[in-house]
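>>> One predicted model, sequence on top.
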Amino acid sequence: MRTTLLILLIMVLAGAGMYYFATQKKTLAPYDTIALHNTPDSIRQKLRIFAAYNPTEVTYRDSGWYQQDSIPLKEVSLDSAVNAFDKNYKSVTFYLDYAHAWFYDVEVNKQQDIPYKISFAVNSLRDTLQATGIIDDQQSKQLRLNGPMMKMYNAFLLTYNSKLPPPPPDSTQDSSQQEPPATPATKTITVIRK
């Protein structure tokens, strides 16, 4: 009798342990960091970074960034020189927001369980702001970014067309007469309120 109870107790504990470890989210990298370098203090004070995980549409309105279900985007703190951020992702889009007047978006897609180091720099260039960045996976690849920041409106919608479902084929036309679909823009900005 004692042997049966002991075996039953061991099996229950083993099952509970297996369930616990199976339900734990796997961290895709031990640590990911984001940093702001070579940026003047006058720009750094007005710069904020937001993160959206695999977004299809992002809305900006009333000085706030929102996902398509009206959930505010998570802000990445810039209080220290190097900041760790959410590690459990496969695709993240960062939004650099300068004084709610200019923005720059950067998409990062993870391929392996390796840590990423991301650094940005924002500097004034003529009548706009220039954003540069380096995404380094510390093993084989390094991606360099460079481009002007985009002017912001009071309210606009940013749509990533590559993540939208494809339109259904037109069944009213003969397949031999159908033209190949035009390549859509990778993203579309729709101004809601100027």
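Happy to help now that I have it. Being a predicted model, the structure only gives us computed values, none of them experimental. Numbering: from 1, shown residues only.

>>> And the helices in this structure?
Along the chain, the stretches classed as helices by DSSP state H are 2-23, 41-44.

>>> Deepest in the core, which of the ones you listed is it.
A comparison of the helices of the chain by mean neighbour count, using mean count of other C-beta atoms under 10 Å, puts helix 41-44 on top with a mean of 11. Placement of C-beta: from N, CA and C, glycine included.

>>> Convert the C-alpha atoms of that one to CSV, please.
Only the C-alpha atoms of helix 41-44 are listed here, as CSV (Å, rounded to 0.1, in the frame of the first residue of the first chain):
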residue,chain,number,x,y,z
ASP,A,41,21.0,66.5,-25.3
SER,A,42,18.6,69.0,-26.8
ILE,A,43,17.2,66.2,-29.1
ARG,A,44,17.6,63.4,-26.5
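
>>> related to what we said a few turns ago, so which of the helices of the chain gets nearest residue 102?
helix 41-44 (10.0 Å; C-beta to C-beta).

>>> can you list contacts of that closest one?
Identification of contacts with helix 41-44 by C-beta atoms under 8 Å, 6 or more residues apart in numbering yields 36, 78, 98, 122-124, 129.

>>> can we see that at 10 Å?
Residues outside helix 41-44 that contact it (C-beta atoms under 10 Å, 6 or more residues apart in numbering): 36, 78, 98-99, 121-124, 129.

>>> Residue 34 versus the nearest residue to residue 95 once chain neighbours are set aside, what's the distance?
Distances taken as C-beta to C-beta, 6 or more residues apart in numbering put residue 50 closest to residue 95, at 4.4 Å, once the chain neighbours are dropped. Per C-beta to C-beta, to the nearest Å, residue 50 is found 12 Å from residue 34.

>>> Now the common contact residues for the two.
Common neighbours of residue 50 and residue 34 (C-beta under 10 Å, 6+ apart) are 76, 94.

>>> shaky segments in this structure?
25-31, 79-87, 140, 167-184 (pLDDT under 70).

>>> Tell me where it has strands.
33-36, 47-53, 57-61, 64-67, 74-76, 82-84, 91-98, 102-109, 117-125, 128-136, 142-148, 150-151, 155-160, 187-193 (DSSP state E).

>>> The closest residue to residue 49 other than its chain neighbours and residue 106, how far apart?
Of all residues not flanking residue 49 in the chain, residue 76 sits nearest, at 4.4 Å (C-beta to C-beta, 6+ apart). Taking C-beta to C-beta as the measure, residue 76 falls 12 Å from residue 106.
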